[in-house]
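In: Got a predicted model here, sequence first, then my questions.
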Amino acid sequence: VQLQASGGGLVQAGGSLRLSCVASGRTDSVTGMGWFRQAPGKEREFVAATDWSGGATVYAASVKGRFTISPDGAKNTVSLQMNSLVLEDTAVYYCSAQNHTTWAHWGQGTQLTVSS
């Protein structure tokens, strides 16, 4: 499975941005999709995840209510709508594909920088 993430950029605090990730290859093995992020000097952390139906979503406490993850199973894509961005959201965001309980595949990452 190959993952291609896009949509990162520079945005002011309080602004919004939408990330997208397209999965290709053996997508029949993918049971869920998610986003992780890694800020400078910090470990990679979980942001949000969903199954392909969008009926089961989970968010990190730090983004709940501000971020929305949305899958499109027909297009093998998942997006992350990020609103009310804060400086602490600055990070490289990674798309990941889940095979049951394992985050088995990773995209290349896309940079989000939130400025004051």
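Out: Sure thing, it's come through. Numbers count the residues shown, from 1 in each chain.

In: hey, let's count contacts and neighbours off CA atoms from now on
Out: Noted.

In: Any buried residues in stretch 85-95, and which?
Out: Burial within stretch 85-95, assessed by neighbour count using 16 or more other CA atoms under 10 Å, is assigned to 85, 86, 89, 90, 91, 92, 93, 94, 95.

In: Quote the end-to-end distance of it.
Out: From its first residue to its last, stretch 85-95 covers 19 Å (CA to CA, to the nearest Å).

In: chain center to it, what's the gap?
Out: Mean C-alpha position of stretch 85-95 versus that of the full chain (CA atoms, centre = their mean, to the nearest Å) differs by 10 Å.

In: again, but for stretch 17-29
Out: Using CA atoms, centre = their mean, the mean C-alpha position of stretch 17-29 is found 10 Å from that of the whole chain.

In: Stretch 63-81 too?
Out: 7 Å.

In: got the contact list for residue 39?
Out: Going by CA atoms under 8 Å, 6 or more residues apart in numbering, residue 39 touches 90, 91, 92.

In: now, among the residues you listed, which is nearest to residue 79?
Out: Comparing the contacts of residue 39 against residue 79 with CA to CA places residue 92 closest, at 15.2 Å.

In: re the thing from before, from the buried residues of stretch 85-95, which two are the most distant?
Out: 86 and 95 (20.2 Å).

In: What is the three-state secondary structure of the residue nearest the centre of the chain?
Out: By CA atoms, centre = their mean, the chain has its centre lying nearest to residue 35, at 2.7 Å. Assigned state for residue 35: strand (three-state reduction, DSSP: H, G, I helix; E, B strand; the rest coil).

In: Residue 96 versus that one, what's the distance?
Out: For residue 35, the distance to residue 96 under the criterion CA to CA works out to 6 Å.
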